[in-house]
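Trainee: predicted model and sequence follow; I will ask about them next.
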Amino acid sequence: MSDVVCVLGMMRTGTSLVAGILDRLGVRFGPEDQLLKANRANPTGFWEHRGIIALNDEILARLGGSWHSPPKRAKGWEGSAELADLRERAESLVRSDFPAGRWGWKDPRTCLTLPFWQLLVPGLRHVICVRRPIDTARSLERMPWAGRELSAPLEQALELWSRYTRDAIAATEGHPRLVVWYEDVLAGPRTEVARLAGFVHRAGALESSEVEGGIREFVQLRDQPPADLASEPEWPLHPAERLYRTLRSEGIAELLQ
C-alpha cells in the first residue's frame, strides 16, 4: 500500500490548507529549500516543490498549453516519446528529493498532468480539494499575478475551476482518492482532519495533543466567509456552480469516495 499522496485541486480551493494539514500529520513535501516561500497571498505556506512546478509547466507547454490555457490531449499522451526526457527528469527528482517513506506533493497544475505522474508513482493516493467556484474565482481574482496572466480573471477562473476539477476526477477514477470540501474543513475541522489522517494512514498522529492543537490553530487561520449567493440570483445558473452542486449531491459524493 503506497504512502505517497498527491494533493489535487484548482488554485485557491484549499490545496495549501490540506497540504499544511498533511504536513503536520507527517507527510513530507520535499526539501525546505525547494519549496515555494510563503508570501502575503499565502502567508502560511504553499508546500509546492519548485521542480515539480517546472516540470508541470514544461509538460503543458509541450502539449501546446499552460496552466491558464489547458491543452487538448490525445489518448495515451502521458507515455509519448516526446515526453521521454521529462519522465527521466521527474524520476531523477523523485529519487533525489523524496526518499522512501511517507511523502507527497501539491501543485494545482497536476490536475492537468496527473496521468504523467501516475506512470512514475504506482499506487499513488489522491486528495481532491473542492471549493465553491465563485469563492475560488474571487480569491484568484484578488491575486496580483492573476491580472498579469488572465485577461478576465473572474470568468476565466470559473472555466479553469471546471476543467481542473473534471480532470482531477477523471484521472483518479479507479485509484485511491478522497474528496475534501473546503467548506467542510472550515465548518468541521475535527471530522475532516480525521478523514485525511485515516486516508494517509496517520490516524495515530492525532493522539498527540501537540499535533491536534497545531492543526486546529492552522485551520483557524484560513477561515473565510463564503459568497452570499442570495444576493446574486444569476449565479446558481452558472455551469461551474451547477457542477459544484452536482458533485455535492449524495449520489455523486458516494461515487467520488
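Mentor: Alright, I've got the coordinates.
Trainee: and the one helix or strand Ala240 maps to, which residues are buried?
Mentor: Per DSSP states H and E, Ala240 falls inside helix 239-248. Buried residues in helix 239-248, counted by 16 or more other C-beta atoms under 10 Å: 240-241, 243-244, 247. Bear in mind the C-beta positions are built from the backbone N, C-alpha and C, glycine included.
Trainee: out of those, which is nearest to Arg95?
Mentor: Leu247 (36.2 Å; C-beta to C-beta).
Trainee: helices along the stretch 101-250 of the chain, start to end?
Mentor: 110-120, 133-141, 144-149, 153-171, 182-187, 189-199, 209-220, 239-248, 250-256 (DSSP state H, counting those that start in this stretch).
Trainee: low-confidence regions, the stretch 101-250 of the chain specifically.
Mentor: Across the stretch 101-250 of the chain, the ranges flagged by pLDDT under 70 are 222-236, 250.
Trainee: can we see that at 80?
Mentor: Where the stretch 101-250 of the chain drops to pLDDT under 80, the residues are 147, 221-237, 250.
Trainee: which strands and helices lie in contact with the helix holding Ala240?
Mentor: Counting contacts by 3 or more C-beta pairs under 8 Å, 6 or more residues apart in numbering; DSSP states H and E, helix 239-248 packs against helix 133-141, helix 153-171, helix 250-256.
Trainee: that helix vs helix 133-141, what angle?
Mentor: Angle of helix 239-248 versus helix 133-141, following axes from the mean of the first three to the mean of the last three C-alpha atoms, to 10 degrees, is 130 degrees.
Trainee: output helix 239-248 as PDB - backbone C-alpha positions only.
Mentor: Only the C-alpha atoms of helix 239-248 are listed here, as PDB (Å, rounded to 0.1, in the frame of the first residue of the first chain):
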ATOM      1  CA  PRO A 239     -22.200  25.900 -15.300                       C
ATOM      2  CA  ALA A 240     -19.500  25.800 -12.600                       C
ATOM      3  CA  GLU A 241     -22.000  26.300  -9.800                       C
ATOM      4  CA  ARG A 242     -24.200  23.600 -11.300                       C
ATOM      5  CA  LEU A 243     -21.200  21.200 -11.500                       C
ATOM      6  CA  TYR A 244     -20.400  22.000  -7.900                       C
ATOM      7  CA  ARG A 245     -23.900  21.300  -6.700                       C
ATOM      8  CA  THR A 246     -23.900  18.000  -8.700                       C
ATOM      9  CA  LEU A 247     -20.700  17.000  -7.100                       C
ATOM     10  CA  ARG A 248     -22.200  17.800  -3.700                       C
END
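Trainee: so it versus helix 153-171, what angle?
Mentor: 40 degrees.
Trainee: distance between helix 239-248 and the chain's centre?
Mentor: Helix 239-248 sits 18 Å away from the centroid of its parent chain (C-alpha atoms, centre = their mean, to the nearest Å).
Trainee: ok, now stretch 16-34?
Mentor: In terms of C-alpha atoms, centre = their mean, the centre of stretch 16-34 is set 13 Å apart from its chain centre.
Trainee: now do that stretch, average pLDDT.
Mentor: Mean per-residue pLDDT for stretch 16-34: 96.
Trainee: show me what that stretch is in contact with.
Mentor: Contacts with stretch 16-34, where a contact means C-beta atoms under 8 Å, 6 or more residues apart in numbering, come from 5, 7, 9, 35, 42, 44-51, 97-98, 101-106, 127, 129, 180, 182, 185, 193, 196-197, 200, 202, 205-206, 211, 214-215, 218-219, 222.
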